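Trainee: fold the following, please.
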Amino acid sequence: MKLIIKITLLFVLISSVVFLIGGVITYEAMSLEIEKEEKFFLEERMESVLRYLGRRPAKERVVRDKLIIQPMDSLTAETDVVFSDTLVTHAMLQRMESHLKLDVIRKVNGRTYKITIYDLIVEEDDIIEAVRSAMLKTFLLLLIVSLLLSFLASYFVFRPFQSTLSAIRSFSIKSSDTVKLPPSTTSEFKKLNQFADEMMAKARNDYSALKEFSENASHELQTPLSIARGKLELLMESEGLREDQMELISGAQHALTRLSKLGNSLSLLTKIENQEFSDFEQVDMTALASRMIDEFKELIKLKEIELEVDVSPGVNINGNQTLLELLIANLMNNAIRHNYSGGKLKVVLENAFIAISNTSHSQQVNTSELFERFKKGTENPDSSGLGLSIVKKICEQHQFRVDYSISQEQHVLTVCWESV
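Mentor: Purely as a prediction, here's the structure:
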């Protein structure tokens, strides 16, 4: 939901509460004003009746529309005006209606009269209905105007904000092109543009520094590692070495090889995270999977693993071919490394997914840590703990989903590129 719509709805909610309270206040004010005006009207009519009696004294009881004049004994004392509510038959509606009654005793030219005057009361229901109708119409008008203004404000006032978002979306950390943010006279949008400029510049600088460091570190590490491996090879060719010395040298060579592979894997992870493999195209997964399986067949045969392949024809997906090759290679390598001699390995490729399952003696696998860096599913010394982390990053880059499941001795890793 857009910000301006949320603000408008909040404004409407607050207005509803204000209108509710205002309706109660309006009702009370109208009731008091109407009551005051009704009493004032009856008092004015009483004065008119007194002036009439001054001109034409009444000797008998006079009954007219909403007026009763009753002659009294001359000794009867005058009273103050008394107001009360009563029920009187309405002349036109022919039903009992609430009326306000005025009672008073006055002397006029030595004669004493009791005067009773009625007037129709504006009922509570009528006041409530009038207030409700007025408030509802006003609220609906306010609602319509607020919504119209919100849409206009969303288009005109927030247009620089939308332009800023569009410019930020086009920002690439690898590009040196400057992102031009639209000018704005709004203080908040100016601060947003300034912050976005600073963050984009910082991101580019950090990316360049990290890329330069990782490339330099990877390159510089390979040179001393190669020198060390070469000297160890020369040392192994020396005469007179004992068997225990040969084992020590072989172990050192193996450790250097692992260190070299580890550096390459970390460098690759950094490149994937920095989205350096963003050139996507249509990739023939059927041909790619078949070729990668052929490359591993010799290793599978050496380990005496039974291979089962079920590759569907015509499977094409959008992605980076280099990363997809690496994805399948890491899944195959993981399935072979954690398998045992005489075990089984199965590869299934469908239009929506690829699944690679393997047998393994290990049953204790912490699935929550399986794809984290340096978290190994087994204690295999040849495992760097980065293979499945690379698989996870490649899936994130392609917006694939990777799942792991285990059933008896079968460990299954499934990569889905479509909902299944």
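Trainee: and Asp294, how close does it get to Leu307?
Mentor: 11 Å (CB to CB, to the nearest Å). Backbone N, C-alpha and C define where each C-beta goes, glycine included.
Trainee: cool, Gly342 as well?
Mentor: Taken as CB to CB, the span from Gly342 to Leu307 is 12 Å.
Trainee: these two: who's more crowded?
Mentor: Leu307 (14 against 10; other CB atoms under 10 Å).
Trainee: helix or strand right after the longest helix seen in the chain?
Mentor: Longest helix in the chain, counting residues (DSSP state H): helix 3-55. Using DSSP states H and E, the helix or strand that directly follows helix 3-55 along the chain is strand 62-64.
Trainee: show me how this protein divides into domains.
Mentor: 3-146, 171-276, 281-416 (automatic domain parsing).
Trainee: phi, psi of Gln282?
Mentor: With angles defined as degrees, to the nearest 10, Gln282 sits at phi -80, psi 120.
Trainee: who's in contact with the residue lying closest to it once chain neighbours are set aside?
Mentor: Spatially, and ignoring its direct neighbours in sequence, Gln282 is nearest to Asn316 (5.4 Å; CB to CB, 6 or more residues apart in numbering). For Asn316, the contact set (CB atoms under 8 Å, 6 or more residues apart in numbering) comprises Gln282, Val283, Asp284, Met285, Thr286.
Trainee: which members of those are positioned in helices?
Mentor: Mapping these onto helices (DSSP H) picks out Met285, Thr286.
Trainee: surely Phe83 is in a helix?
Mentor: No. Assessed with DSSP: H, G, I helix; E, B strand; the rest coil, Phe83 is strand; it does not lie in a helix.
Trainee: make sure it is actually in contact with Val104.
Mentor: No. Counting by CB atoms under 8 Å, Phe83 does not reach Val104; the two are 9.8 Å apart.
Trainee: of these two, give the one with the bigger neighbour count.
Mentor: Shown here are Phe83 and Val104; by other CB under 10 Å, Val104 has more neighbours (20 against 14).
Trainee: my read: the more buried one touches Val81, true?
Mentor: Yes. Judged on CB under 8 Å, Val104 makes contact with Val81 at a distance of 4.8 Å.
Trainee: and for the two, which residues touch both?
Mentor: Between them, Val104 and Val81 share the contacting residues Met46, judged by CB under 8 Å, 6+ apart.
Trainee: checking Glu418 next. Helix, strand or coil?
Mentor: Quick answer, by three-state DSSP: Glu418 is coil.
Trainee: how about it: what's its closest non-neighbour residue?
Mentor: Counting by CB to CB, 6+ apart, Ala352 is the residue found nearest to Glu418 once chain neighbours are left out, at 3.9 Å.
Trainee: what separation do you get for the one you found and Ser389?
Mentor: For Ala352, the distance to Ser389 - CB to CB - is 24 Å.
Trainee: neighbour-wise, which of those two wins?
Mentor: Taking other CB under 10 Å, Ala352 and Ser389 do not tie; Ser389 has more neighbours (21 against 15).
Trainee: where does Glu409 fall, phi/psi-wise?
Mentor: The phi/psi pair for Glu409 (degrees, to the nearest 10) is phi -100, psi 0.
Trainee: ditto for the one 3 residues further on
Mentor: Per-residue torsions, Val412: phi -120, psi 130 (degrees, to the nearest 10).
Trainee: can you start the count at 792 instead of 1 from here on
Mentor: Got it, the first residue is 792 from now on, which makes the last one we talked about Val1203.
Trainee: what pLDDT does it get?
Mentor: On pLDDT, Val1203 comes in at 89.
Trainee: how near is it to Asn1130?
Mentor: Val1203 is 13 Å from Asn1130, by CB to CB.
Trainee: more crowded one of the two?
Mentor: Taking other CB under 10 Å, Val1203 and Asn1130 do not tie; Asn1130 has more neighbours (22 against 16).
Trainee: wait, the more buried one touches Ser1151, no?
Mentor: Yes. Between Asn1130 and Ser1151 there is a contact under CB under 8 Å: 6.1 Å.
Trainee: where along the chain do the strands fall?
Mentor: Applying DSSP state E to the chain gives strands spanning 853-855, 858-863, 873-880, 887-899, 902-911, 1072-1075, 1097-1102, 1107-1110, 1135-1140, 1144-1150, 1192-1198, 1201-1207.
Trainee: please identify the most buried of those strands.
Mentor: Ranked by average neighbour count under the criterion mean count of other CB atoms under 10 Å, the strands of the chain are headed by strand 1144-1150 at a mean of 21.
Trainee: how far off centre is that one?
Mentor: 36 Å (CA atoms, centre = their mean, to the nearest Å).
Trainee: picking that back up, the residue nearest to Glu1209 contacts Val1206, correct?
Mentor: No. The pair Ala1143 / Val1206 is not scored as a contact, 10.0 Å apart, by CB under 8 Å.
Trainee: so what's the residue count around the nearest residue to Ile1147 once chain neighbours are set aside?
Mentor: Excluding its sequence neighbours, the residue lying closest to Ile1147 (CB to CB, 6+ apart) is Leu1122, at 4.6 Å. Counted by other CB under 10 Å, the residues lying close to Leu1122 total 23.
Trainee: can you check the one 3 residues further on too?
Mentor: Counted with other CB under 10 Å, residues neighbouring Asn1125 total 19.
Trainee: which residues touch it?
Mentor: Per CB under 8 Å, 6+ apart, neighbours of Asn1125: Ile1147, Asn1149, Gly1178, Leu1179, Val1182, Leu1204.
Trainee: now Ala820: how far from Phe832?
Mentor: Ala820 is 19 Å from Phe832, by CB to CB.
Trainee: between those two, which one's more packed in?
Mentor: Phe832 (14 against 11).
Trainee: Ile912 is in contact with the more buried one, correct?
Mentor: No. Assessed by CB under 8 Å, Phe832 is found out of contact with Ile912, at 11.3 Å.
Trainee: for Lys981, which non-adjacent residue is spatially closest?
Mentor: Ser975 (5.8 Å).
Trainee: right, and the one you found touches Gln985 too?
Mentor: No. Assessed by CB under 8 Å, Ser975 is found out of contact with Gln985, at 10.7 Å.
Trainee: the two: who's more crowded?
Mentor: Ranked by neighbour count (other CB under 10 Å), Ser975 and Gln985 place Ser975 first, with 18 against 11.
Trainee: so who does the more buried one touch?
Mentor: Counted by CB under 8 Å, 6+ apart, Ser975 has contacts Pro951, Phe952, Lys981, Asn984.
Trainee: what sits against the residue nearest to Tyr818 when sequence neighbours are not counted?
Mentor: With sequence-adjacent residues excluded and distances taken as CB to CB, 6+ apart, Tyr818 is closest to Val922, at 4.9 Å. Listed by CB under 8 Å, 6+ apart, the contact set of Val922 reads Gly814, Thr817, Tyr818, Met821.
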